[in-house]
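[1] Kindly generate the corresponding structure for this input.
(chains A and B)
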Amino acid sequence: MKRTILFFQLVLVAIFGFAADKGKIEVPLRFDRYYTYEEVTEALNALHKAYPELTRLEVLGKSEEGRDIYALTINNPKTGAELSKPGVYVDGNIHGNEVQAGEVCLYYANMLLTKYGENDKITKAVDKNAHYIIPVVNVDGRYHFFADGHTPSSSRSIRVPVDDDKDGLFDEDAPDDLDGDGSITQMRIKDPFGQYKADPEDKRVLVRIKPGEQGEYTLLGSEGIDNDGDGRLNEDAEGYLDPNRNWGYDWRPPYVQNGAGNFPLSGVGLKAISDYISARPNIIIGFAFHNSGGMWLRVPSEKSIVIDPTDIAAYDVIGKEAIKITPGYVYMPSYDLYATYGDFDSHLYYLHGAFSFVGELFQREQETYRENITKPATTGETTGSPMRGANPELSREQLKFNDNVVQGEQYKEWKSYKHPVYGEIELGGWVKMSSRLPHPFMLPELVHRNASVVFLAAENTPEISMEVFDKKEIGKNLYQVRVRLQNKKGLPSMTANAVKTKIHQPDMLKVSGGKVIAGGKLTDNRLNKVDFKDKKPEIQFLAVPSYGVVEYQFLIEGKGEVTINYESLKAKNTSASVKL
Amino acid sequence: MYKKLCCTLWVILSAFFVGQLNAQNTLSFDKYHNNSEVQQILKQLQQSNPSRTQLHTLATSPGGEPVTVLEIGKNSGNGPAIFVGANFEGNVPLATEGALRLAKMLLDSAQYTAKQKWYILPLPNPDAAKGYFSGAKYERSVNDFALNNDMDEATNEDGFEDLNGDGLITQMRVKDLTGTYLVSKNDPRIMVRAEAKKNERGEYKIYTEGTDNDSDGEYNEDGEGGINIGISFPHLFPKTKNEAGLWPGQSPETYGIMKFIYDRPNIAMIHTLGSSNFCLYPPKGGRKGDANLESIKVPARIAAQFGVDPNQTFTMNEIIELMKSRVPAGVEVTPALVTSYLGLGAAVNPLDDDLKFYTKFSDDYKKYLKSKNFSIETPDAAADKDGSFELWAYYHLGVPSFSMNLFSVPKIKEEKKGDKSISSEEVENTKKPAKPENGEGLSDREKSLMAYSDKTLSGKGFVNWQKFKHPTLGEVEIGGFVPYLETTPEAEKIDSLLQVQLPWLLQLSKKLPEIGLADQKITDLGAGVYRIELYIENKGYLPYPISIGERNKQPAPVVLIIDGDVEILEGLKRTPVGPIGGNQVKKLEWLVRTDKKPTISVKLESAVFGSAVKQIKIGG
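    Below is the predicted model:
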């Protein structure tokens, strides 16, 4: 049964909806369309082929089902080796259904590459940073989202079978695409004792009856049958292993947090990405794109954790601009949404010392159907069906949008269906390419605005310059040398948290060419206040703050040229020299 | 290249010898084995028992050493399995010997592998284990993972040095105005902390033996490695300790072990040989942070959704009822879902019902040891550590987790306490941390160690303080307890220690639940309707799952499947049996209808206990 459905579905996908007639994949890439997993791969190859000098395309690992996970690196080798530059990491689609996140990543790559040499700001960012782009983290999820019947919210898990209903069978009772249209919609049955009736203004909308009123329908949930005969429908779908709860920082087992997976990074694709990130200690900023809701989320993901205020200030440099680049989004700590453990952005921030953002793409409120759009649309359900009857006004507007703006492509009209258990029922509702995904006509603006936030972050990666601003002979062959390090950008050279928790090597100043008798941080150059370092004054450990300046003083014995090297894992190294 | 060649030769040679020798008979326990010897022994054990054993390589350590499991009883069918891991911290070589000795016991007799499989992991932390065999012996617990402990400009640049060339890393004491130590008045070999309140002033500083290689003023703060596998598991992962790694399983050994175990849901009991002793002392409770599931407060945000008062408390069952009406159809509200949704957190203390069997077995074990004239008059075994394997096994896998430390130095006798067999309450009470030493008294631990060194080892457990001219500290004295003194007896003691204690682990394996179909009853209700009653029994002592397993839902379910030419009126084709106590029988019922008199099959299926099928005649 399932197989026949699958067959139908494949045929239908080929002739139906957005999947059809999208043209050749060539650079510049188009963004008025969605790419299947295979097409993303093709698009990445096209970008790499068009810009072989500036890009490297690699398979960093394989997924549970053996699909390749690709990373595209954009780096101009003429301006330095990859690891010497501040790394900008961006990924998407860790939840398999959140596909436009992949398009944002592709767009970011496409924008950097196609405008390199034409747009000065973009040219500078390409030359300054190493950009690491993983458009699709959950490659199996994306593949299945397009290939199989799904709701806008399913195919989210990675493909690790989990016995959700604890009956000894794994993933045996997923929803079924009964009518083979590529979407899992809803089932309703005529029922005079039901709790719902059709909205008189738009019969497609179901509203809850008032007490004493005659009901019309009972809702039966998502399209499907009781595959395992346990008296329940659709209770053990793929996974569930949430790839954004399976990371190492503060991971909690599945009985504490559902979908955590059995142990940190038990997902093989995630493990491969973790290894990829571990090998790139230059990453200073990371974005992970999701849908939906329109949010920029930062750490912490749990309320009780306190983040150093200077790190929050650095986050704000991006976050407070981001909400203007993407109007309607909110910027907030992720615990405001709900607490999570073992999420990716915490892993990146706490264990790799990189500022990390989650971008929750798309607000369904933008699907408007009214004259005046200055007022924000009524917030209501942004996902799922409009059939819960919570906000019929909003549902009606969404349906009008579907009817007259996207020509009925997002909603499946109710049709009768003969169900093996329920008998005569109706299937209908929002299709999978709806609700959490903008219609392709809205996609170009979405990808551009969100990629612009990543770009702003790249522009704000640290740029450290160093100068010797004072030199004085204070004894025989003994000089007092003062250097100043300045960061012209909004992100510090290290997170305050990394400085505090010592998770990676700090920035260093190393003096060579003379004997350093004493040295330390100059806390006030006018009052000559110096925190002299007790041992080994020729090496100083430091971090350069957001838009900040730090000064050091060395007492150096010697003659000739003395060099001071600034070395950083995340910022670009630099040096200055002085003649004694 | 040379290394590879040697390795190949070694393999060829050993293969040649193995043909003629019976490894089990030649395997002796009169020395401690390093990892290449351990690997060799495992290979020999495997090759001399090819039908019963199989080797699995779980990981390669950062130092390039294999981490290997020997499976014993690969032909034992689909019954439950017992996993034995030893020496996770790498600094208890006796534990590794224990695992090998246990493997030999299992191979010498078919008794314990008739229905059960065993997985033996003798050395999960082979890099650290090198410490015992190194020319300058020090208690090493970290692997070769490149960790910059002091986060300076170099990695592994400041390890120990055996300055006096005695092959041991001990301590250095040096007179220092700012020192905080004094020579003990009771035993001049022992250094104690000065207490200003008692009108004492420190005279010495104490360092570990070595030089300040990187001239940063710290001694031996960044030696070889690494990550300590013994504290790198996810339960209570000690994230502030850098030897735990950045996250649980960052190092391949830990990751490989977790994967191996989760790939084998038949593992139903776990033993750890190392430094704690759950066989003697039930796992300790008293940690803060456990959710009280009978007195739950609903967080304000969710309370608003539920329409309840966030200050009111509810029992778990009340919350389940509250949630049932608010979840989508088909979602079963379980305590696990509730703890997750409300964010109630993890269990951090052993559950009461589980402590019952731990206590019972501990009392039995004491009797057993007494019958073998084995003294437990020793300082208490080390506490279980946060991030340890044994805690993870209990809290995350939800299976009975036992541990043994195999050796402790004898406790020095102060006053007679009467009867030597201590009840478990008394043991719990004595498990207070050792008193801090001061100028007047010595800790029990130090007294016992010193007595052990003096009496049993003729003084070899302590290096007497000897003057040494240190390059930066000047005049120092080098001395102190020898490394491994507390955990590692003389090699000739190995076999007798293991022979007494290890059989207890074999005894425990007999306590595993044994689940089967005990009986059935068919009642003809007329009109072709029948009631089927099936009785499921657990013949073992332990429940399935144990209490923590019920909470964390990790142990695989036992499911009853009815198949045949009947229409089920009440009940399900597949019915999870649910928890079943030790020595308990559980009745499940179905109502079926049939016009014929069919024979139906009833199948008990589980990833742990395999499957059993019974044919039942209806209406016969």
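
[2] Count the neighbours of A:G490 for me.
    Other residues near A:G490 number 21, with proximity taken as other Cβ atoms under 10 Å in any protein chain shown. C-beta here means a position set from N, CA and C on the backbone, and glycine is covered the same way.

[3] wait, isn't B:K324 in contact with B:V333?
    Yes - taking Cβ atoms under 8 Å as the definition, B:K324 is a contact partner of B:V333 at 5.1 Å.

[4] per the record, what domains does chain B have?
    The record, using automatic domain parsing to delimit domains, assigns chain B the ranges B:1-147+B:225-286+B:348-408+B:487-512, B:161-223+B:431-485, B:296-341, B:515-617.

[5] Tell me which of those domains is the most buried.
    domain B:1-147+B:225-286+B:348-408+B:487-512 (a mean of 20; mean count of other Cβ atoms under 10 Å in any protein chain shown).

[6] gap between that one and the chain center?
    Per Cα atoms, centre = their mean, to the nearest Å, the displacement of domain B:1-147+B:225-286+B:348-408+B:487-512 from the mean C-alpha position of its chain is 8 Å.

[7] what does stretch A:200-213 give?
    In terms of Cα atoms, centre = their mean, the centre of stretch A:200-213 is found 39 Å from the chain centre.

[8] Give me the below-cutoff pLDDT ranges for chain B.
    B:1-25, B:328-332, B:336-337, B:340, B:413-441 (pLDDT under 70).

[9] Nearest to chain A: which residue in it?
    Minimum separation of chain B from chain A (Cβ to the nearest Cβ) falls at B:W247, amounting to 2.5 Å.

[10] and the residue lying closest to that residue once chain neighbours are set aside, how many neighbours does it have?
    If you skip the residues right next to it in sequence, B:W247 has A:G248 as its closest partner in space, 2.5 Å away by Cβ to Cβ, 6 or more residues apart in numbering or on different chains. A count of neighbours around A:G248, defined by other Cβ under 10 Å, yields 25.

[11] Distance check, A:E557 against A:N565.
    In this structure, A:E557 lies at 19 Å from A:N565, with Cβ to Cβ, to the nearest Å as the measure.

[12] near chain B, which residues of the stretch 451-580 of chain A show up?
    If contacts are counted using Cβ under 8 Å from any Cβ of the partner chain, the residues of the stretch 451-580 of chain A sitting beside chain B are A:501-506, A:508, A:510, A:534-536, A:539, A:541.

[13] can you list those residues in CSV and add secondary structure and neighbour count?
    Putting those into CSV (DSSP: H, G, I helix; E, B strand; the rest coil; neighbours: other Cβ atoms under 10 Å in any protein chain shown) gives the following:
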residue, secondary structure, neighbour count
A:T501, helix, 17
A:K502, coil, 13
A:I503, coil, 17
A:H504, coil, 18
A:Q505, coil, 20
A:P506, coil, 20
A:M508, strand, 17
A:K510, strand, 15
A:D534, coil, 10
A:K535, coil, 11
A:K536, coil, 15
A:I539, strand, 20
A:F541, strand, 15
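
[14] and A:V104, what does it touch?
    With contacts defined as Cβ atoms under 8 Å, 6 or more residues apart in numbering or on different chains, the neighbours of A:V104 are A:90, A:92, A:289, A:359, A:361, A:446-447, A:450-451, A:454.

[15] cool, and B:D162?
    B:D162 sits next to B:135-136, B:168-169, B:209 when contact means Cβ under 8 Å, 6+ apart.

[16] how about a cut-off of 10 Å?
    Residues counted as contacts of B:D162 (Cβ atoms under 10 Å, 6 or more residues apart in numbering or on different chains) are B:134-138, B:168-170, B:209-210, B:478.

[17] Check A:K203 too.
    Here A:K203 is in contact with A:197, A:216, A:414 (criterion: Cβ under 10 Å, 6+ apart).

[18] among those, which are in strands?
    Assigned to strands by DSSP state E, the following of those qualify: A:197, A:414.

[19] now the contacts of A:K203 as a markdown table including pLDDT, neighbour count and distance to chain B?
    Shown next, in a markdown table, are those (pLDDT from 0 to 100; neighbours: other Cβ atoms under 10 Å in any protein chain shown; distance: Cβ to the nearest Cβ, whole Å):
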| residue | pLDDT | neighbour count | distance to chain B |
| --- | --- | --- | --- |
| A:K197 | 94 | 19 | 19 |
| A:E216 | 96 | 19 | 18 |
| A:W414 | 97 | 20 | 19 |
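
[20] Considering the contacts of A:K203, which is situated nearest to A:I25?
    A:W414 (36.4 Å; Cβ to Cβ).

[21] Now the closest one: closest residue in space, sequence neighbours ignored.
    Leaving out its chain neighbours, the residue that sits closest to A:W414 by Cβ to Cβ, 6+ apart is A:G428, at 3.4 Å.

[22] in the helix or strand the one you found falls within, what counts as buried?
    With elements taken from DSSP states H and E, the one containing A:G428 is strand A:423-430. When burial is assessed from 16 or more other Cβ atoms under 10 Å in any protein chain shown, strand A:423-430 yields the following buried residues: A:425-430.

[23] Using a markdown table, lay out those residues together with pLDDT.
    Rendered in a markdown table, the data for the buried residues of strand A:423-430 read as follows (pLDDT from 0 to 100):
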| residue | pLDDT |
| --- | --- |
| A:I425 | 98 |
| A:E426 | 97 |
| A:L427 | 97 |
| A:G428 | 97 |
| A:G429 | 96 |
| A:W430 | 96 |
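
[24] Let's have those in TSV, adding distance to B:A81.
    Formatted as TSV, the entries for the buried residues of strand A:423-430 read as follows, by distance: Cβ to Cβ, whole Å:
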residue	distance to B:A81
A:I425	47
A:E426	51
A:L427	47
A:G428	50
A:G429	47
A:W430	48
